[in-house]
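Peer 1: pasted the sequence and its predicted model underneath.
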Amino acid sequence: MTSSELVNDFVAWYLENNPVQATLLGAEGYDRTLGDLSEAGFLAREGKSRRWLERLARTPQEEGFEEEIDRELVVSTLRGALAYEDWPTWRRDPAVYVGTVFGSMFSPFLQRLAPEAELVEAAG
C-alpha cells in the first residue's frame, strides 16, 4: 500500500471516528452523531491512533514531495495527540463533552451541508 493510500484510509477512519470534527471540516454525512464519548471509545481511538502512527511511520517514501508532506503531517498530528495520553483531557475537562455537543449543533449550520430546514430538524 502506498503512503497516499494509507493517508486516505487514515482520513476516512478519522472522519468516521470524529464526526463533529468531520462536520466542521465540511465532510457530509456526519452531522447527526456525536461519536462514542465513552471511556472505551476514547481508549479505542487512542489505541487505533497508535497503530496508525506505527503504520505510517514505517511507510517508506515512495512518492512525490506533496504525498510525503501529507504523510508527515498525519504522523506529526498523531504524535501530538498521543503525547497527551498520560494526561487525558476527556477525563478532566467537561469542555470535551460540552464542546462536542455545541460543536455538533453549530458546525452543520456553519458548513451549510444541507438545506436549513433539514439542519433545524437535525438540531432538534
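Peer 2: Arrived safely. Numbers count the residues shown, from 1 in each chain.
Peer 1: from here on, contacts and neighbour counts on C-alpha atoms
Peer 2: Fine.
Peer 1: remind me, longest helix of the chain?
Peer 2: When the chain is parsed with DSSP state H, its longest helix is helix 39-58.
Peer 1: can you list the buried residues in that one?
Peer 2: F42, R45, E46, S49, R50, W52, L53, L56, A57 (16 or more other C-alpha atoms under 10 Å).
Peer 1: which SSE is immediately downstream of it?
Peer 2: Next in sequence after helix 39-58, counting helices and strands by DSSP states H and E, comes helix 65-82.
Peer 1: which strands or helices does that following helix pack on?
Peer 2: helix 3-17, helix 39-58 (3 or more C-alpha pairs under 8 Å, 6 or more residues apart in numbering; DSSP states H and E).
Peer 1: measure P19 to W13 for me?
Peer 2: From P19 over to W13 the distance is 10 Å, taken as C-alpha to C-alpha, to the nearest Å.
Peer 1: can you check E72 too?
Peer 2: Distance from E72 to W13, by C-alpha to C-alpha: 17 Å.
Peer 1: same check on R50?
Peer 2: 13 Å.
Peer 1: cool, F102 as well?
Peer 2: Taken as C-alpha to C-alpha, the span from F102 to W13 is 23 Å.
Peer 1: confidence score at V120?
Peer 2: At V120, the predicted lDDT confidence score is 85.
Peer 1: checking it next. Helix, strand or coil?
Peer 2: Taken by DSSP: H, G, I helix; E, B strand; the rest coil, the conformation at V120 corresponds to helix.
Peer 1: burial count for it?
Peer 2: V120 has 13 neighbouring residues, counting by other C-alpha atoms under 10 Å.
Peer 1: give me the contacts around the longest helix of the chain.
Peer 2: 3, 6-7, 10, 17, 36, 71, 75, 78-79, 82, 85, 90 (C-alpha atoms under 8 Å, 6 or more residues apart in numbering).
Peer 1: kindly indicate which of those residues lies nearest L25.
Peer 2: Nearest to L25 out of the contacts of helix 39-58 is N17 (C-alpha to C-alpha; 13.5 Å).
Peer 1: point out where this structure drops to low pLDDT.
Peer 2: 62 (pLDDT under 70).
Peer 1: switch to 90 and redo it
Peer 2: Along the chain, the parts satisfying pLDDT under 90 run over 1-4, 23-33, 57-68, 81-91, 96, 99-124.
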